[in-house]
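Undergrad: Have a look at this prediction, sequence included:
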Amino acid sequence: EDQVTQSPEALRLQEGESSSLNCSYTVSGLRGLFWYRQDPGKGPEFLFTLYSAGEEKEKERLKATLTKKESFLHITAPKPEDSATYLCAVQESGGSYIPTFGRGTSLIVHP
Amino acid sequence: DGGITQSPKYLFRKEGQNVTLSCEQNLNHDAMYWYRQDPGQGLRLIYYSQIVNDFQKGDIAEGYSVSREKKESFPLTVTSAQKNPTAFYLCASSNGMTGELFFGEGSRLTVL
């Protein structure tokens, strides 16, 4: 069973159509949850870190939120340049500090 | 500019050959990592190193080897023992035990 599950696997939106990506996790204790953006053929780029339930972070059209079992990446009025794969990673408290990655959500925003 | 440099970006290998992927960072980070990414898969950890002259196996270390002789450098060798080496390889670094990783641009290895 995967510790980090992202859904949906792929998402197609029209420009301006807001939506959310989900990252659910099953670790017993959360040290940190991380969101990354990855463009095709490139390395992931760090976006946000969330540490505790109720925490929120924003950057331009992106807003990340965290509950005790999942995180959402809300995309408001997306533009075509927001098209990318979004990766979620979880760092478990009390164990190895190495983050575990989900499989990602591929987002395509059509003009 | 500080960052991580991976080379080569593309590499072709014949079966039975060892190849070495380079990873250099000038961020003064202690920790460095190697991940493998396959289509539809998450990032899978191959090896990681917290300090010079020390490294640990990740989830899929079989068929790979690494060295950490300098803080700035963490090369990965894909040996002929790796049964399915065609993949996208990512090197990353971090400042201590944080999940905020800085990634290189990746190296795509294709076995012919």
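TA: Looks like it arrived, so ask away. Predicted model, so just to flag it, every value in this text is computed and none were measured.

Undergrad: shaky segments in the chain?
TA: All of this is about chain A. Along chain A, segments meeting pLDDT under 70 span A:1-2, A:95.

Undergrad: switch to chain B, that's the one I care about
TA: In chain B, residues with pLDDT under 70: B:1.

Undergrad: Show me where it has its strands.
TA: B:4-7, B:10-13, B:19-25, B:31-37, B:43-51, B:54-57, B:64-66, B:76-78, B:87-94, B:102-103, B:107-111 (DSSP state E).

Undergrad: Please tabulate the ones you listed in JSON lines, including the columns distance to A:K42.
TA: Glycine gets a C-beta too; all of them are placed from N, C-alpha and C. Below are the strands of chain B laid out as JSON lines (distance: least, CB to CB, whole Å):
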{"stretch": "strand B:4-7", "distance to A:K42": "11"}
{"stretch": "strand B:10-13", "distance to A:K42": "14"}
{"stretch": "strand B:19-25", "distance to A:K42": "15"}
{"stretch": "strand B:31-37", "distance to A:K42": "11"}
{"stretch": "strand B:43-51", "distance to A:K42": "13"}
{"stretch": "strand B:54-57", "distance to A:K42": "25"}
{"stretch": "strand B:64-66", "distance to A:K42": "22"}
{"stretch": "strand B:76-78", "distance to A:K42": "18"}
{"stretch": "strand B:87-94", "distance to A:K42": "10"}
{"stretch": "strand B:102-103", "distance to A:K42": "8"}
{"stretch": "strand B:107-111", "distance to A:K42": "11"}
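
Undergrad: A:Y25: which of those strands is closest?
TA: Proximity to A:Y25, assessed across the strands of chain B by CB to CB, is greatest for strand B:43-51 (15.2 Å).

Undergrad: Tell me which other helices or strands that closest one touches.
TA: strand B:31-37, strand B:54-57, strand B:64-66 (3 or more CB pairs under 8 Å, 6 or more residues apart in numbering or on different chains; DSSP states H and E).

Undergrad: Can you tell me which of those is packed in deepest?
TA: The highest average neighbour count among these, using mean count of other CB atoms under 10 Å in any protein chain shown, belongs to strand B:31-37 at a mean of 24.

Undergrad: and that strand, what does it pack onto?
TA: strand B:19-25, strand B:43-51, strand B:87-94.

Undergrad: Quick one: residues contacting A:S52.
TA: A:L66 (CB atoms under 8 Å, 6 or more residues apart in numbering or on different chains).
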